[in-house]
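1. this is the structure alone, sequence omitted:
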């Protein structure tokens, strides 16, 4: 079912730091769950909700993001009109003097040439399978200027966190990374408003030479606008830091989390790669792990997420780890609480151990 709404997904969040994992890629392009990228969840949620015109607002390091999204065909967004569009920084003569690589002119132009009445603006660091149809319908029925999606897990969050206070479901206060919580309502990084209202906001911001755009840019206007809340009770994982990225990845090993996230009626789509099935060779032992296509497993793997094309050598031991695409683990290596980015090599006999709160991170393409 199509709805009269378009989508804007923010590829970056300057307050979310994933260390070496984001040295060469945007936050939205961060690998997750064995075969996905973080953006797949928000993008698939929009497509499943009938939103067929979606812009990805990019800032920097978006080469891998563009490679992953391509024409949008894997999300049925490769269309002659509307469909998927990457919105890169708006290049102009004074661009490099701007305090931020993001520029609001490109976003304004994208909205100007769109036709939908409403806009759903969403951050990309939320891992969930969301139905935006009810979100937009409730916004239309409420008569509010803006509706923000939230849940009640604010007391379990680290930084960054946007805490919301409502009175009669109207937003009356907003705190960013508060030291002391006054509400357990936390923004899920998604808002809906009319396209014309968002364009008016951008016009004012551009006239003041503002360059930063995120959902707080909209929510901070709660004194001027009527902003109402929409409670979402779907299972949600947040990527706010390296520790929460690691924790969210490990929670995929819980069967109930996996079932809630990958609902049969609302699939999570991603870029298709034609790989052979994983091979479990003589001497292997695998327990409670996600093993992706194209892997060769000869060693021991437990409580881990293994991406496509990973090779695990004989007598190696991998526990509580995230091993990304095309990494090679040589014979006899031992890893615990480690994140290894793609195309890396761990030599024979190497031992690496971190902790769940502070995992060891090996950057892309490194030989250890």
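-> Sure, I can see it. Note that this is a predicted model, so its numbers are computed, not measured.
2. which parts of the stretch 51-200 of the chain are helices?
-> In the stretch 51-200 of the chain, the segments counted as helices under DSSP state H, counting those that start in this stretch are 63-69, 104-112, 132-142, 195-207.
3. could you export those as TSV, including distance to residue 324?
-> For every residue, glycine as well, the C-beta is placed using N, CA and C. As requested, the helices of the stretch 51-200 of the chain are exported to TSV (distance: least, CB to CB, whole Å):
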stretch	distance to residue 324
helix 63-69	12
helix 104-112	31
helix 132-142	30
helix 195-207	36
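4. domain parsing for this protein?
-> Using automatic domain parsing, the domain parsing of the chain gives 5-261, 279-362.
5. residue 293 is nearest to which of the helices of the stretch 51-200 of the chain?
-> Taking CB to CB, helix 63-69 is the member of the helices of the stretch 51-200 of the chain nearest to residue 293, at 16.6 Å.
6. for the closest one, packing partners?
-> helix 39-48, strand 83-87 (3 or more CB pairs under 8 Å, 6 or more residues apart in numbering; DSSP states H and E).
7. need the winner for burial among these.
-> Burial of the helices and strands packed on helix 63-69 is given as mean neighbour count (mean count of other CB atoms under 10 Å); helix 39-48 ranks first at a mean of 24.
8. now that helix against helix 132-142, angle please.
-> Helix 39-48 runs at 60 degrees relative to helix 132-142, counting by axes from the mean of the first three to the mean of the last three CA atoms, to 10 degrees.
9. got the angle for helix 39-48 vs strand 83-87?
-> Using the same axes, to 10 degrees: helix 39-48 against strand 83-87 is 140 degrees.
10. now helix 39-48: mean pLDDT?
-> Here helix 39-48 scores 97 as its mean pLDDT.
11. which of the domains of the chain sits closest to residue 271?
-> Once those are compared by CB to CB, domain 5-261 is nearest, at 5.3 Å.
12. mind checking how far that closest one is from the chain centre?
-> 9 Å (CA atoms, centre = their mean, to the nearest Å).
13. okay, now the unreliable bits of this structure?
-> Applying pLDDT under 70 to the chain picks out residues 1, 90-103, 154-160.
14. please repeat the previous calculation with a cut-off of 80.
-> For the chain, applying pLDDT under 80 flags the ranges 1-2, 89-103, 153-160, 178-182, 209-212, 263-264.
15. re earlier: reformat the helices and strands packed on helix 63-69 as CSV; add distance to residue 228.
-> Converted to CSV, these look like this (distance: least, CB to CB, whole Å):
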stretch, distance to residue 228
helix 39-48, 21
strand 83-87, 27
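16. to residue 243, which of these lies closest?
-> The closest of these to residue 243 is helix 39-48. By CB to CB, the value is 19.3 Å.
17. on that earlier part again, can you tell which of the helices and strands packed on helix 63-69 is closest to residue 300?
-> Among the helices and strands packed on helix 63-69, if distance is taken as CB to CB, the winner is helix 39-48, at 29.6 Å.
18. hang on, the earlier thing: of the helices and strands packed on helix 63-69, which is nearest residue 263?
-> If we rank the helices and strands packed on helix 63-69 by CB to CB, the stretch that ends up nearest is helix 39-48, at 9.1 Å.
19. what does that closest one rub up against?
-> Residues from elsewhere that reach helix 39-48 (CB atoms under 8 Å, 6 or more residues apart in numbering): 7, 9, 11, 28-29, 32, 54, 56, 65, 68-69, 75-77, 120, 122-124, 126-132, 261, 266-270.
20. buried among these? Make that a ChimeraX selection.
-> Applying 16 or more other CB atoms under 10 Å to the contacts of helix 39-48 leaves a buried subset, and the ChimeraX line that selects it is:
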select :7,9,11,28,29,32,54,56,65,68,69,75,77,120,122,123,124,126,127,128,129,130,132,261,268,269,270
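21. in strands, which of the contacts of helix 39-48 fall?
-> Judged by DSSP state E, strands contain the following of the contacts of helix 39-48: 7, 9, 32, 54, 56, 120, 122-123, 126-128.
22. of these, which is the nearest to residue 251?
-> Closest to residue 251 out of the ones in strands among the contacts of helix 39-48 is residue 127 (9.2 Å), distances taken as CB to CB.
23. could you look up the SS state of the residue lying closest to that closest one once chain neighbours are set aside?
-> Nearest residue to residue 127 in three dimensions, chain neighbours excluded: residue 237, at 3.9 Å (CB to CB, 6 or more residues apart in numbering). Classification of residue 237 by DSSP: H, G, I helix; E, B strand; the rest coil places it in strand.
24. quick one: contacts for residue 237?
-> Neighbouring residues of residue 237 by CB under 8 Å, 6+ apart: 126-128, 244, 248, 251, 257, 261.
25. how about these in CSV, adding distance to residue 109?
-> Listed next are the contacts of residue 237 as CSV, based on distance: CB to CB, whole Å:
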residue, distance to residue 109
126, 26
127, 30
128, 30
244, 34
248, 35
251, 39
257, 40
261, 35
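26. which two of the residues you listed have the greatest separation?
-> 244 and 261 (15.5 Å).
27. now do the helices in the stretch 201-350 of the chain.
-> Counting by DSSP H, counting those that start in this stretch, the stretch 201-350 of the chain has helices at residues 215-219, 242-251, 255-261.
28. roughly how far apart are the residue lying closest to residue 187 once chain neighbours are set aside and residue 191?
-> Counting by CB to CB, 6+ apart, residue 187 lies nearest to residue 162, which is 4.0 Å off, once chain neighbours are set aside. The spacing between residue 162 and residue 191, counted by CB to CB, to the nearest Å, is 11 Å.
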